[in-house]
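[1] Compute the structure for the input listed below.
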Amino acid sequence: MNFDLISTLAQTEVEKVGLFPYPAKLHVIFCIIAFVFFLIRFLRHKRIYRLILAVAVPISLLIQVSDSKMLYYFVGGVELVLILTAFISSFFDKHVDKEDNQPQTASDGDNK
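    All right, here's what the predicted structure looks like:
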């Protein structure tokens, strides 16, 4: 018999589980890297959805500020709106190629 499992199940105190499966420090590092990545891509290709994503990623850091449920729902709603806006704008974002002078949608490719 595994007595550790039984004693673990018998505990009355429960450890507080964090919101994210990784530490807050790693979350901050990820947000900085993602912000820089999307900002550089926006400056190179001038696609508006990349700017929206560059703003959306660091907003998730607001969850680290407070334990308020209202803040969680607010940040979740803002993130949902920004991600949907970025998704929809990626279809309508026209970019004129200097070589072809033809509009190119974001789904046509960004390797030019």
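
[2] by contact count, what packs against the lengthiest helix in the chain?
    The longest helix of the chain (DSSP state H) is helix 69-92. Applying 3 or more CB pairs under 8 Å, 6 or more residues apart in numbering; DSSP states H and E, one finds that helix 69-92 makes contact with helix 48-59. All C-beta spots, glycine's among them, are computed from the backbone N, C-alpha and C.

[3] Could you list the low-confidence segments of this structure?
    Across the chain, residues meeting the criterion (pLDDT under 70) sit at 1-20, 95-112.

[4] one more time with 50
    By pLDDT under 50, the low-scoring segments of the chain are 14, 112.

[5] tilt between the longest helix of the chain and helix 48-59?
    Relative orientation of helix 69-92 versus helix 48-59 (axes from the mean of the first three to the mean of the last three CA atoms, to 10 degrees): 160 degrees.

[6] mind listing what's buried in helix 69-92?
    75, 79, 82, 86, 89, 90 (16 or more other CB atoms under 10 Å).

[7] Look up the closest residue to the first one, ignoring the ones flanking it.
    Spatially, and ignoring its direct neighbours in sequence, residue 75 is nearest to residue 62 (5.1 Å; CB to CB, 6 or more residues apart in numbering).
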